[in-house]
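> Quick one, structure for this:
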Amino acid sequence: MFAVIKTGGKQYRVAPDDVLEIGKIDGEPGTIVQLNEVLVVGGDTPVLGIPAVAGASVAVEVLDHKRGPKVIAFKKRRRKNSRRKRGYRDELTLIRVSEILTDNAKPTKGPRPKKAKAEAPAADAAE
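As a prediction, this is how the structure comes out:
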């Protein structure tokens, strides 16, 4: 099963357990957020929304908030000693799709537990 969602002015095709970067959304890392603007729910019998599928949503787990690469906008007018340099970085959210919900269902899965870091072997144990 897959879905096409719209968030941040862009559309994404998602399936359960997909990890993707989208424009910044509210939510602390480790929480489940529902995205309600679902345009298509696909599978055995695809459902197209006009413009959105009624009662459909996608539950996503917020993994991290970060910033995108630096983008520089430099403008120069020749022979006029006029130049302008502006830059910005996009605010991004890293998400994992938990499940695709229909018929106004609530999310059943919670956030995944974090993996414990493996302890490094002691230096004197190798001697």
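
> The chain: strands as residue ranges?
With strands called from DSSP state E, the chain shows them at 2-7, 10-14, 19-23, 32-35, 38-42, 47-48, 57-77, 82-101.

> So which bits of the third one are buried?
Buried residues in strand 19-23, counting neighbours by 16 or more other Cβ atoms under 10 Å, are found at Ile22. (C-beta placed from N, C-alpha, C; glycine too.)

> Please enumerate residues in contact with it?
With contact meaning Cβ atoms under 8 Å, 6 or more residues apart in numbering, strand 19-23 is reached by 7-10, 12, 14, 63, 68, 90-97.

> Touching stretch 82-93 from outside, list them.
21-25, 27, 62, 64-77.

> For PyMOL, write the selection for the buried entries among those residues.
To isolate the buried members of the contacts of stretch 82-93 in PyMOL, using 16+ other Cβ under 10 Å:
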select buried, resi 22+25+27+62
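
> about what we covered before: most neighbours, which of the contacts of strand 19-23?
Ranked by neighbour count (other Cβ atoms under 10 Å), these have Ile95 at the top, with 24 neighbours.

> ok, what's across the strand from that one?
Beta bridges link Ile95 to Leu20, Val62, judged by DSSP bridges.

> try the one 5 residues further on
With beta bridges defined as DSSP bridges, Ile100 has these partners: Val58.
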